[in-house]
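Undergrad: Here is a sequence with its predicted model. Questions after.
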Amino acid sequence: MSARRRLTTAIGAVLLTLAVAGCSGLGRTAVGTIAYETEREVAVVVTSPSVKGCHRLAPSGVTRVENNTLVDIVLYPTRNCQGKESIYVPTNTSNRVAPGALPWRSYSTIH
């Protein structure tokens, strides 16, 4: 193998490594879907949501959530992922709001 070809191969390998490392750190997502149903019985599916921050659900509230991602989530009755009445929903499970309880309005991921 010529010196030029080895150099080109080495540079290509370094660039590929940098590209993969750079992409994996940005925009990390929870692989899978989060499906929910609003109080008005509208079905919504979110594919691969970000693992960072607080995610708002439907303004009217959500009565049922299916967590089909590879990360656990926490549901909140507030729009800002705060409050004492949160509930933990592990991966590949679901939750339905109890009768008389407030609907879910936001969620965050556990990663």
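TA: Received the coordinates, thanks.
Undergrad: And the strands in the protein, which stretches?
TA: 32-38, 43-47, 54-56, 62-69, 72-76, 87-89, 93-96, 106-110 (DSSP state E).
Undergrad: Just give the strands next to the last one in its sheet, each with its orientation.
TA: Same thing as strand 106-110. If you go by DSSP bridges, strand 106-110 pairs up with strand 54-56 (antiparallel), strand 72-76 (antiparallel).
Undergrad: most tightly surrounded among these?
TA: Ranked by mean neighbour count, the strands paired with strand 106-110 are led by strand 72-76 with a mean of 20 (mean count of other C-beta atoms under 10 Å). In this view, the C-beta of every residue, glycine as well, is placed from N, C-alpha and C.
Undergrad: if we look at that one, which residues are touching it?
TA: By C-beta atoms under 8 Å, 6 or more residues apart in numbering, the residues outside strand 72-76 that reach it are 30, 34, 62, 65, 67, 81-83, 85-91, 95, 104-110.
Undergrad: Kindly recompute the last result at 6 Å.
TA: With contact meaning C-beta atoms under 6 Å, 6 or more residues apart in numbering, strand 72-76 is reached by 67, 83, 86-91, 104, 106-110.
Undergrad: worst-scoring helix or strand of this structure, pLDDT-wise?
TA: One helix or strand of the chain scores below all others by mean pLDDT, DSSP states H and E: helix 3-25, with a mean of 54.
Undergrad: Quick check: closest non-adjacent residue to Ser60.
TA: Sequence neighbours aside, Glu39 is the residue nearest to Ser60 in space, at 5.0 Å (criterion: C-beta to C-beta, 6 or more residues apart in numbering).
Undergrad: Quick one, grab the pLDDT at Cys54.
TA: pLDDT recorded at Cys54 is 96.
Undergrad: what sits against the nearest residue to it once chain neighbours are set aside?
TA: Once flanking residues are discounted, Cys54 sits nearest to Cys81: 3.7 Å by C-beta to C-beta, 6+ apart. Contact analysis of Cys81 by C-beta under 6 Å, 6+ apart lists 54, 106, 108.
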